[in-house]
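In: Make a model of this:
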Amino acid sequence: MGLTTALSSALTGLRATQTSLAVTAGNIANADTDGYTRKIAALTAVVAGGHTVGVRASTIQRALDLTLQAQFRSAAATATYADLTATYAGRLDTAFGTPGGLTALDTLFSNFTTSLQGLSTTPDSATAQIGVISAGQALAQQLNALTQQVQSMRSEAEAGISQAVDTVNAALANIKDVNDRIMAQSVNGDPPAALLDERDQYISQIAQMMDIRVLNSNGANVAIMTASGQVLFDGVPSKLFFNSHGTLSAESNTGNGGVGTLTLVSAGQPVDLFQSGAIRSGAIAAYRDLRDTILPQAQSQLDALAEYLSLQLSGERVDGSATSSGGADGFDLDLNGLLSGNPIKLSYSESGTPKRVAFIRVDNPATLPLSNLATADSGDTVYGIDFSGGMASVVAQIQAALGASFSVSNTGDVLTILDDGAAGTIDISSLTATRTTTGVADGTVALPFFVDDANALYTGAFDGGSKRTGYAGRIAVNASLAANPSALIAYASGISSGDASRPNAILQRLTDATFFSSDTGIGSATTPFKGGAADFIRQVLAMRGAMAESTAARRDTQEVAINAINDRMSQTSGVNIDDEMAHLVEIQNAYAANARVMTAIREMLDMLMRM
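Out: Numbers count the residues shown, from 1 in each chain. Alright, predicted model coming up:
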């Protein structure tokens with residue numbers, strides 16, 4: 001090897017060590033920079049004529065495990081989802097109260113029943129009467145307050161989706177900017193590592209908002225898709241649109257367009273990401289599930305309790321009287337005073353198989369048909385009956401619903417339903433109705449203790465949509481009763497002030513078992529929960545506590561998982577100061593060796609010049 005060749009080799013070595021020194025210094029300086037990956041100067045031998053004549057730093061590479069990076073992005077979406085759902089489940093559990101707590105539903109309900117027990121013992125006590133009103137108001141006001149909290153959290157979730165969408169759109173725009181710079185600087189070489197880090201930071205932001213897949217993550221160009229394959233970025237960013245509805249109410253739901261929808265516009269084609277199920281994890285999915293499923297279920301529990309309290313106390317059962325015509329047997333039932341939402345219930349057997357039918361009064365034909373879930377009893381068949389056309393129309397509708405095996409007729413407001421008259425085929429066992437009592441002293445122990453907005457009767461009506469939705473936010477103690485607590489005793493004229501019939505009846509009704517809707521999460525559509533108010537409240541509080549615990553445990557599990565991935569990424573991609581300092585020593589030695597070579601060559605050249 002000639003002296004000039006040796007000198008050239010030494011010079012390339014110095015340049016390579018300078019590059020390595022700069023890379024190492026950058027690693028040390030950015031050791032605590034979020035998203036920074038350790039850089040490596042890749043050295044390549046310079047070969048000429050079959051001989052190695054030097055070295056060069058060909059590229060600056062990232063110490064990055066792409067498989068770990070993909071795992072981290074997936075775990076980030078899952079961890080964010082778990083954290084948000086756990087946070088809100090914990091808030092719900094706190095709001096509903098610890099069983100036995102001062103403001104817990106079970107305590108307030110117990111206070112109400114205890115006050116009624118006191119009134120039944122001393123019915124003529126004005127203090128006891130006022131105590132019942134106060135306890136009822138406390139229970140109703142807590143249902144109002146819980147509804148406000150639940151809907152406030154739903155509004156927060158709506159705002160959370162909007163903010164997450166803004167984050168995704170901003171990150172996609174930034175990725176486009178960085179990606180253009182990467183492409184421009186990669187024309188004559190490999191992608192610049194620093195810009196790849198910057199792009200990955202924006203991708204990580206998106207990964208926390210929604211579950212994504214990333215293709216060519218370490219290349220000059222990159223493609224980003226939802227987990228289901230909708231394109232978010234492929235050189236050009238797609239755009240997410242969310243039409244936020246701001247403050248939500250219990251009546252705001254996806255069915256009536258009362259909540260925001262999320263649309264992705266890619267290549268001019270809009271896709272509803274919620275309806276298509278494209279987003280399954282991350283902050284957006286968590287907020288959507290909170291808004292549309294978890295929190296509405298909590299509201300449904302409150303509404304079911306409010307409805308139970310109202311209907312159990314105000315409903316007056318009307319039993320049909322047995323009748324017959326020829327060989328056909330059945331019942332007459334007086335429908336006078338039946339209000340919208342009040343049910344007529346028919347029980348019969350067909351060839352020995354028991355069957356139940358519920359006819360629900362509606363006054364607006366646009367409400368029809370009613371869902372079979374209009375009652376919580378999974379064993380009955382539900383028909384909405386439009387009463388706006390008079391009794392002749394009611395009879396025709398019931399006849400059409402039951403079929404030719406029954407005979408349906410009326411005399412004035414009295415409905416008559418008879419069987420087919422054949423032994424062992426159709427046999428009617430009962431025909432009843434539940435009529436809402438309208439006044440506080442209507443001559444019956446039934447009492448409209450709790451009422452709807454503007455002191456309106458609550459009947460469970462379906463006209464214009466189910467009135468049960470959001471009822472817990474509207475329930476109140478009847479103003480007429482609050483103004484005249486003695487009506488708790490005097491249900492009719494001439495009733496003695498010492499008569500405990502009504503307080504005893506109210507207490508009994510509050511323990512009577514009834515079916516609760518399956519949308520409360522207590523029971524199921526096929527096996528609905530059946531019990532009294534106290535039983536239902538215990539189940540609700542237990543469910544809220546269990547959900548808070550399970551979601552917190554899931555969050556802890558995800559935190560462990562993502563921390564483990566972070567540790568592994570830190571080991572492979574993070575900067576270890578000790579390692580970098582050791583590498584500095586190696587660079588120093590290499591630099592000194594190359595410098596020594598150049599010094600020796602200079603000395604040799606000087607010697608030659610002096611010869």
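
In: Worst mean pLDDT across the helices and strands of the protein, which element?
Out: strand 51-62 (a mean of 68; mean pLDDT, DSSP states H and E).

In: Need the mean per-residue confidence for the helix or strand encompassing T12.
Out: With secondary structure defined by DSSP states H and E, T12 is part of helix 3-29. Helix 3-29 shows a mean pLDDT of 72.

In: Output the contacting helices and strands for it.
Out: strand 39-48, strand 51-62, helix 577-610 (3 or more C-beta pairs under 8 Å, 6 or more residues apart in numbering; DSSP states H and E). Quick note: C-beta positions are derived from backbone N, CA and C, even for glycine.

In: ok and it relative to helix 577-610, angle-wise?
Out: Between helix 3-29 and helix 577-610, the angle comes out at 160 degrees (axes from the mean of the first three to the mean of the last three C-alpha atoms, to 10 degrees).

In: need the next SSE after the least confident helix or strand of the chain, C-terminal direction.
Out: Toward the C-terminal end, the helix or strand that comes next after strand 51-62 (DSSP H and E) is helix 66-96.

In: For that following helix, the averaged confidence score.
Out: Across helix 66-96, pLDDT averages out at 94.

In: Could you list the buried residues of that helix?
Out: Within helix 66-96, the residues scored as buried using 16 or more other C-beta atoms under 10 Å are 68-69, 71-93, 95-96.

In: pLDDT of the biggest helix by length in the chain, averaged?
Out: Counting by DSSP state H, the longest helix found in the chain is helix 126-185. Across helix 126-185, the average pLDDT comes to 96.

In: quick one, it and helix 66-96 angle?
Out: Using the same axes, to 10 degrees: helix 126-185 against helix 66-96 is 160 degrees.

In: can you list the residues that contact the next helix or strand after helix 126-185?
Out: Next helix or strand after helix 126-185 toward the C-terminus (DSSP H and E): helix 193-209. Helix 193-209 has contacts (C-beta atoms under 8 Å, 6 or more residues apart in numbering) with 34-37, 39, 60-62, 69, 72-74, 76-77, 80, 164-165, 167-168, 171-172, 174-175, 178-179, 181-182, 185, 212, 214, 217-218, 222, 224, 232, 282-284.

In: Show me which of the residues you listed are buried.
Out: Applying 16+ other C-beta under 10 Å to the contacts of helix 193-209, the neighbour count classes 36-37, 39, 60-62, 69, 72-74, 76-77, 80, 164-165, 167-168, 171-172, 174-175, 178-179, 182, 212, 214, 217-218, 222, 224, 232, 282-284 as buried.

In: May I have the phi/psi pair for V408?
Out: phi -120, psi 130 (degrees, to the nearest 10).

In: all strands in the stretch 401-550 of the chain, in order from the N-terminus.
Out: In the stretch 401-550 of the chain, the strands defined using DSSP state E, counting those that start in this stretch lie at 407-411, 414-418, 426-436, 450-451, 476-477, 514-515, 530-531.

In: Tabulate those strands in a markdown table, adding columns for mean pLDDT.
Out: Shown next, in a markdown table, are these (pLDDT from 0 to 100):
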| stretch | mean pLDDT |
| --- | --- |
| strand 407-411 | 96 |
| strand 414-418 | 97 |
| strand 426-436 | 96 |
| strand 450-451 | 98 |
| strand 476-477 | 98 |
| strand 514-515 | 92 |
| strand 530-531 | 94 |
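
In: residues touching the residue nearest to A392 when sequence neighbours are not counted, list them.
Out: With sequence-adjacent residues excluded and distances taken as C-beta to C-beta, 6 or more residues apart in numbering, A392 is closest to N410, at 7.5 Å. Shown in contact with N410 (C-beta under 8 Å, 6+ apart): 391-392, 394-395, 416.

In: Identify the farthest-apart pair in those residues.
Out: Farthest apart among the contacts of N410 by C-beta to C-beta are A392 and T416. That separation is 13.3 Å.

In: Would you mind telling me which of those two has the busier surroundings?
Out: The residue with more neighbours, out of A392 and T416, is T416; 19 against 10, by other C-beta atoms under 10 Å.

In: My understanding was that that one contacts V408; is that so?
Out: Yes. The pair T416 and V408 qualifies as a contact (C-beta atoms under 8 Å) at a distance of 7.1 Å.

In: This structure - how does it break down into domains?
Out: 3-63+575-610, 69-306+542-560, 318-435 (automatic domain parsing).

In: Off-centre distance for the first one?
Out: Read that as domain 3-63+575-610. Domain 3-63+575-610 has its C-alpha centroid displaced from the chain centroid by 57 Å (C-alpha atoms, centre = their mean, to the nearest Å).

In: for the last one, same thing?
Out: Centroid separation for domain 318-435 versus its chain: 39 Å, with C-alpha atoms, centre = their mean.

In: again, but for stretch 83-99
Out: Relative to its parent chain, stretch 83-99 has a centroid offset of 13 Å by C-alpha atoms, centre = their mean.

In: Cheers, nothing more for now.
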